[in-house]
Structures are given as C-alpha cells and as structure tokens.
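**Q** sequence first, predicted model second:
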Amino acid sequence: MTSYCSHGEVSAFLQVDAFADSPATTPTQAQVETFIEMAEARVEQLTNHAWSTANAISVTDERVRVQRVQSNVISTRGRIQLSHYPILAFSQHASPSLSQTNGNIKIWSSGGYVDYLDSDNSKTLGSNVADVSNDAWADIERGIIYLNSYSLHNMLNSSPAGVDGYVSYKYATADTPADIKLATIYFTASIIAMNDDLNVMQEGDDSMDNATRSQRFEDMAMKILKDNRRLGRTMTMARAIGGFGTGMVTP
C-alpha cells in the first residue's frame, strides 16, 4: 500500500488520464503503485527515516550507550539517545504500545542485561518526559530514554564491549510532509518517463524527450531531499543531539 503519495497525484502531475486496472491503462494502476513503493523505499534510504506510520521502520537491538546525567537526587540518572525518532513503540508487535511488557529496553546492570519491558523485572516505564517517578521514561518526539538512578545499579561492573544496552523500537513521522510527497511523485514520474515503451507522454518537436524528462524529475526529487532546511524537518542524526559519551556526567 502506498503512503507518501497516490497514483492519482502522479497522473495529475504528469497531466495524463487516471491510471486504472480495468480497463487497463499503460501503465496500470497496480504498476504505478509498485513504482510509488519503489520511490518510497528510495526516499527512506536517502533520508534514513520513515515518513508515515504506515511505513514505520523496526529497529531490533540497537546498541546504545548510557550518558550519566546529573540531577537533584542522590544518584545520577541515565540518558540514551536513539539513532531515530519519533518513537512509535518499544516492541515488534502488530499493535504495539509503550505499556506492553514484552518489548525491549535492555540495560546492563552489574552482571546482566535487565529488560525494562519485561514484567518479571517489575520496572515501570513512563511515556512522556514528566513521568519522572518511573524507573524509566521516554521523550518519544526526540528519541530519548531516561533512566532513574542509573549510576547506583551500574557502577559495580562495566558493560561488556562498551554496550550499555539494547533497544528495539519502531519509528516514523506520523504525517507525510508536503516536500516528501513531492519528492516521491518526482521519483515515480521519473520511473514512468524513462520507459519509452509505456508511451505515457507523447514527445513533440517543441518539448523535451522522455529521457530528459526522466532526468529532470530525478534531479528535482534529489534537490528536495538534499535541501537541509526543509522547513525545520531535517532528521538530524540523533546522537548529535543528546550526547553519546558513556561515563560522563552532564548537568
């Protein structure tokens, strides 16, 4: 199922009749939707992000390190900056939620990894930054996990190979931004235009040939994705935001 744009938006952009399966057009609606899915995959690869909850990407056992953060309690707290955000869920199930007890936030604790989402470990997880009374809480918009009293339970033994924890989660931006939609349309149009056998757009003496059109659409899509401004929607590498140092105590 396509998520970033529709086949109707592609035909409108190309100014051709609507694509259909019956009676079949060339290309058919199904073929164009396959092209859109290819374009979506390319956008995700180039941006390292998913731009719709329908296209949410699962991360299994991302290796994380915990930064110790100074607080007004006796011990220091821990902060984990995930590589992607916003966080949709900390599990791999069909209907995930932050409250599920069989997801994965596994933190090293003096000799073994403790899964904060395993009910046997009696840990509590808050779903927003105000839930500071829990054993852990999350800033789901920025992809940050906070741990309560991290230094006390971790100071006796260092984690193996410097891996303080493993986190499994799903991430995506809920609503597809307009520029991502347009880039997907451009990429899809490029696929269609480069295939002369489809004969979607007739070439004339006063117009570009299909190969030139295809390259122009490709260039426009890449220009959008390379524009770091993108109205503040750039997905900056998450580790550059929250800090990555282990063993450091940060105010």
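**A** Cool, got the structure. Numbers count the residues shown, from 1 in each chain.
**Q** so this structure: which segments form each domain?
**A** 7-52+175-232, 57-171 (automatic domain parsing).
**Q** could you save those as a markdown table and add columns showing mean neighbour count and distance to Met1?
**A** Every residue, glycine included, has its C-beta placed from N, CA and C. Output for these, formatted as a markdown table (neighbours: other C-beta atoms under 10 Å; distance: least, C-beta to C-beta, whole Å):
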| stretch | mean neighbour count | distance to Met1 |
| --- | --- | --- |
| domain 7-52+175-232 | 16 | 8 |
| domain 57-171 | 17 | 15 |
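**Q** hey, least reliable of the ones you listed by pLDDT?
**A** Ranked on mean pLDDT, the bottom entry among these is domain 57-171, at a mean of 78.
**Q** endpoint to endpoint, that one covers what distance?
**A** Using C-alpha to C-alpha, to the nearest Å, the end-to-end distance of domain 57-171 comes out at 6 Å.
**Q** repeat for stretch 69-77
**A** End-to-end for stretch 69-77, by C-alpha to C-alpha: 5 Å.
**Q** how about Leu46, phi and psi?
**A** Dihedral pair for Leu46: phi -70, psi -30, per degrees, to the nearest 10.
**Q** just Pro86 next, same as before
**A** Dihedral angles (degrees, to the nearest 10) for Pro86: phi -70, psi 160.
**Q** can you give me the helices in this structure?
**A** Here the chain has its helices, by DSSP state H, at 7-14, 29-47, 150-154, 178-194, 210-226, 239-242.
**Q** need those in CSV (columns: distance to Glu62).
**A** Shown next, in CSV, are those (distance: least, C-beta to C-beta, whole Å):
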stretch, distance to Glu62
helix 7-14, 34
helix 29-47, 17
helix 150-154, 18
helix 178-194, 24
helix 210-226, 24
helix 239-242, 11
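**Q** for Ile87, which of those is the nearest?
**A** With distances scored as C-beta to C-beta, the stretch of these nearest to Ile87 is helix 239-242 (13.1 Å).
**Q** report the distance from stretch 80-89 to the chain centre.
**A** 8 Å (C-alpha atoms, centre = their mean, to the nearest Å).
**Q** straight-line length of that stretch, end to end?
**A** 16 Å.
**Q** same check, this time on stretch 49-59
**A** First residue to last in stretch 49-59 (C-alpha to C-alpha) measures 12 Å.
**Q** and that stretch, how far out from the chain middle?
**A** The mean C-alpha position of stretch 49-59 is separated from the chain mean by 5 Å, C-alpha atoms, centre = their mean.
**Q** thinking again about what came up before, relative to Ala56, which of the helices of the chain is closest?
**A** Nearest of the helices of the chain (C-beta to C-beta): helix 29-47, 10.6 Å.
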